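S.K.: The following block contains a protein sequence and its predicted model.
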Amino acid sequence: MTNEEYLIFKAGIDKEMKDMYEHTLDLFAKTDKKFAETDKKFIETEAQIKRTEALFEKIEAQIAKSEAKHARMGIQFGGKSNNSGSATEEYFYNSMLDNPVLGGVTYDIVDRNIKGNIPKVRDEFDIVMFNGNSIALIECKYKAHENDLRKIIDKKANNFRALFPDFKDYKIYLGLASFSSYDELKEIAKQKGIAILTHSGDLPEIIADNLKAY
């Protein structure tokens, strides 16, 4: 091989090596770019997972809080519901324990299932609230009707005074608590001066704008 042929051969080898080197650098650059993109996706995915986990924790905490509140108020779900009347009474009893106010009157004591029995008079009072001069008698019905209002008006105040004469000079206010009511019932109750307690969202709703002492 002449010197000239060797130089030509070497030049070819050098070019081939250079091309291979540049190709390798290009492959490394593309690989580095893919790794960078993958790392970015992993970071974004990890951040999304953390946000999702935080959201689930928040939702679980809210569910636990709601379940605890409903359980305390006598409301249970998923085939575990109590007797409807008992659940109604439990819910409104706990509601009044939390905030013993009816028609702007604040009470010191909240009691329930108070029974009395004397000749010719026998009655039971679902929720009774006391202070120094007033009593609130709240009847609980899962589904309230006008007949329930009439029974409350005709019997509850008079029966309570007959059964518990120590309170004969107290003002007696009346209320009807129910998970189900309707506009006509609310209007009649308002005309008669009886409070309506119902359920709206997670909170009890009390309509007692025109409360009358019996």
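M.R.: Okay, I see it.
S.K.: Just checking, which helix or strand of this structure averages the lowest pLDDT?
M.R.: Lowest on mean pLDDT, DSSP states H and E among the helices and strands of the chain sits helix 3-72, with a mean of 65.
S.K.: And stretch 121-136, what's buried?
M.R.: Buried residues in stretch 121-136, counted by 16 or more other Cβ atoms under 10 Å: 123, 125-130, 134-136. Heads up, the C-betas are built off the backbone N, CA and C, glycines and all.
S.K.: what's the closest of these to F92?
M.R.: I127 (6.4 Å; Cβ to Cβ).
S.K.: any idea how far G104 lies from E124?
M.R.: 27 Å (Cβ to Cβ, to the nearest Å).
S.K.: rewinding a little: for the buried residues of stretch 121-136, work out which two are farthest apart.
M.R.: Using Cβ to Cβ, these span at most 19.1 Å, a distance reached by D123 and S134.
S.K.: which parts of stretch 174-185 are buried?
M.R.: 174-179, 181, 185.
S.K.: before we move on, what about stretch 205-214?
M.R.: So for stretch 205-214, counting by 16+ other Cβ under 10 Å, buried means 206-208, 211-212, 214.
S.K.: How about stretch 106-126?
M.R.: So for stretch 106-126, counting by 16+ other Cβ under 10 Å, buried means 107, 110, 112, 123, 125-126.
S.K.: The strand or helix carrying Y91: how far from the chain's middle?
M.R.: Y91 belongs to helix 84-98 when assigned by DSSP states H and E. Here the centre of helix 84-98 is set off from its chain's centre by 15 Å, with Cα atoms, centre = their mean, to the nearest Å.
S.K.: Determine the set of other helices and strands touching that helix.
M.R.: Helix 84-98 makes packing contacts with strand 109-118, strand 121-130, strand 134-140, strand 171-177, strand 195-200, strand 203-207 when contacts are defined by 3 or more Cβ pairs under 8 Å, 6 or more residues apart in numbering; DSSP states H and E.
S.K.: now the ones you listed in CSV, with mean pLDDT and distance to T2?
M.R.: Formatted as CSV, those follow (pLDDT from 0 to 100; distance: least, Cβ to Cβ, whole Å):
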stretch, mean pLDDT, distance to T2
strand 109-118, 95, 117
strand 121-130, 96, 118
strand 134-140, 97, 116
strand 171-177, 97, 115
strand 195-200, 91, 105
strand 203-207, 89, 103
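S.K.: How is the protein divided into domains?
M.R.: With domains defined by automatic domain parsing, the chain comprises 1-72, 84-207.
S.K.: Buried deepest among those, which one?
M.R.: For those, average neighbour numbers computed from mean count of other Cβ atoms under 10 Å are highest in domain 84-207, which has a mean of 17.
S.K.: Report the contact partners of the nearest residue to A213 once chain neighbours are set aside.
M.R.: Take A213 and drop its neighbours on the chain: the residue closest to it by Cβ to Cβ, 6 or more residues apart in numbering is K171, 4.0 Å away. The contact partners of K171, by Cβ atoms under 8 Å, 6 or more residues apart in numbering, come to 133-135, 213.
S.K.: of those residues, closest to I118?
M.R.: I135 (17.9 Å).
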